[in-house]
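Undergrad: Would you be able to build a 3D model of this:
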Amino acid sequence: MKLINKALALILIFCLCIPFCLGGCSGSRKKKGQSKYRVCMITDAGDITDQSFNQMTYEACRDFCTANHIDFTYKKPDGDTDYARVAMVDVAVAEGYNILVLPGYVFAETLIETTYKYPDIKFVALDLSGADIAAAAVGSAYYADPDAYDPADYYNTNNTYCAIYQEQIPGYLAGYTAVKLGYRKLGYLGGMAVPGPMRYGYGFVQGVNDAAKELGVTKDVSLEFAYAGQFFGSTEITAAMDTWYNHGTEVVFSCGGGIFTSVAEAAAREHGKVIGVDSDQAVTIDAYGEGMTVTSALKGLRATVYSILDAIIFKGTWDQHVGKIESLGLVSGEDMSLNYVGLPEETTQWSDDFTLEDYKALVKKIFDGEIQISGSLDQFPKTDVKVNVREGTIR
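TA: Numbering: from 1, shown residues only. Here you go, the predicted model:
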């Protein structure tokens, strides 16, 4: 009888423990398939292997969703057209995805055409400004009188969040650092003359100039400045970079997605150096030649994606972000990891002439307002160093 009572007691204890065990297994975040949210990232004109904006966005979305058991996929448009991008939004919505992540200014027309069409979908647009939206809506008339147009009139602000980046800051940091590290003949090659690459380039010019002035070497420093007219490498661009390096250019800031392949190929032949963009490109560029990457000008795409997806899916603070076009830059002069722009601390080729601590001190000066960096694209920055600006494109 005692044995029977003990057995019954053990069974009762086991039954009482089952709910707690199940509850412990579920964790604080839902398993895959249980969340009401499903995330889809749509590429612009490139692919998720572009070593730049698309790949960074894709990997950030994938990693966040994998870690938190959220359904995720990506779509690549059939071509570089607004029609193709809108079609991918239609496909994603039809498949049940309700958070769409769109990286790049080319999605302006997509927002205009789809955000009212799908009011229950949450749109997250990265690196897309109000000016991009207004210009897409009204055409060239926008540039004649920008103040006459309100971007909010052309897309649904009730379901859309946009983030832009202060590219002039990491551009400045890259240019300043390069000169401090001893480079005197520099080059800037942007993908196309559109706001992102332009801000990077104009910031780069300002950083080069300020560092040269501080060192008293403005007469020794020169800068080649051009756009490729595309965001992928080609034999024509490689040939142009061969010419730059052959004529003494020591380091080129490659600022246009896949064009780094042409820059790196030419640099490898002439023992030149390269500055990467958007992500830390040291591993990729150094595959062309060991130690080729001086640094990379970074955007915090991963931080942005993690922050906004967490706000939507877990924190329930979407209302604090929706309808905004946030300009992301420096948020700390002390903790570099909190900033949305900067240089990679581990792979930048610091030296005794410019150390990691020197870099952090520079960031603090910018954060504190001691150093002012213009983000205006109205005119090319004035410089004391010699700058050779190529009209048109280099190819």
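Undergrad: how about the strands in the stretch 201-350 of the chain?
TA: Using DSSP state E, counting those that start in this stretch, the strands of the stretch 201-350 of the chain run over residues 222-227, 251-255, 273-278, 293-299, 325-328, 341-342.
Undergrad: Packed most tightly, which of those strands would that be?
TA: Neighbour counts (mean count of other Cβ atoms under 10 Å) averaged over each of the strands of the stretch 201-350 of the chain peak at strand 251-255, with a mean of 30. (C-beta placed from N, C-alpha, C; glycine too.)
Undergrad: That one vs strand 222-227, what angle?
TA: Angle of strand 251-255 versus strand 222-227, following axes from the mean of the first three to the mean of the last three Cα atoms, to 10 degrees, is 20 degrees.
Undergrad: Let me have the strands of the stretch 201-350 of the chain in CSV, adding mean pLDDT and distance to residue 81 as columns.
TA: Shown next, in CSV, are these (pLDDT from 0 to 100; distance: least, Cβ to Cβ, whole Å):
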stretch, mean pLDDT, distance to residue 81
strand 222-227, 98, 22
strand 251-255, 97, 24
strand 273-278, 95, 23
strand 293-299, 96, 25
strand 325-328, 94, 24
strand 341-342, 96, 31
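Undergrad: and residue 153, which of these is closest to it?
TA: Across the strands of the stretch 201-350 of the chain, residue 153 has its closest neighbour in strand 325-328 (13.5 Å, Cβ to Cβ).
Undergrad: Mind listing residues that contact that closest one?
TA: 129-130, 151, 161-166, 300, 304, 340-341 (Cβ atoms under 8 Å, 6 or more residues apart in numbering).
Undergrad: partners of that strand, with directions?
TA: Sheet pairing for strand 325-328, assigned by DSSP bridges, gives strand 160-165 (parallel).
Undergrad: What's the first helix or strand after the partner strand?
TA: Once the chain leaves strand 160-165, the next helix or strand it forms, by DSSP states H and E, is helix 168-180.
Undergrad: Just after that next one, pick out the following helix or strand.
TA: Using DSSP H and E, the helix or strand that follows helix 168-180 in sequence is strand 185-190.
Undergrad: So what touches that following strand?
TA: Strand 185-190 has contacts (Cβ under 8 Å, 6+ apart) with 175, 178-179, 197-198, 200-201, 204-205, 208, 221-228, 237, 241, 244, 248-256, 259, 263, 394.
Undergrad: distance between stretch 69-77 and the chain's centre?
TA: When distances are taken as Cα atoms, centre = their mean, to the nearest Å, stretch 69-77 is centred 19 Å away from the chain's centroid.
Undergrad: quick one on the thing from earlier: please identify which of the contacts of strand 325-328 is nearest to residue 102.
TA: Distance to residue 102, by Cβ to Cβ, is smallest for residue 162 among these, at 9.3 Å.
Undergrad: Which one (most neighbours) among the contacts of strand 325-328?
TA: The most neighbours of any of these, using other Cβ atoms under 10 Å, belong to residue 162, which has 27 neighbours.
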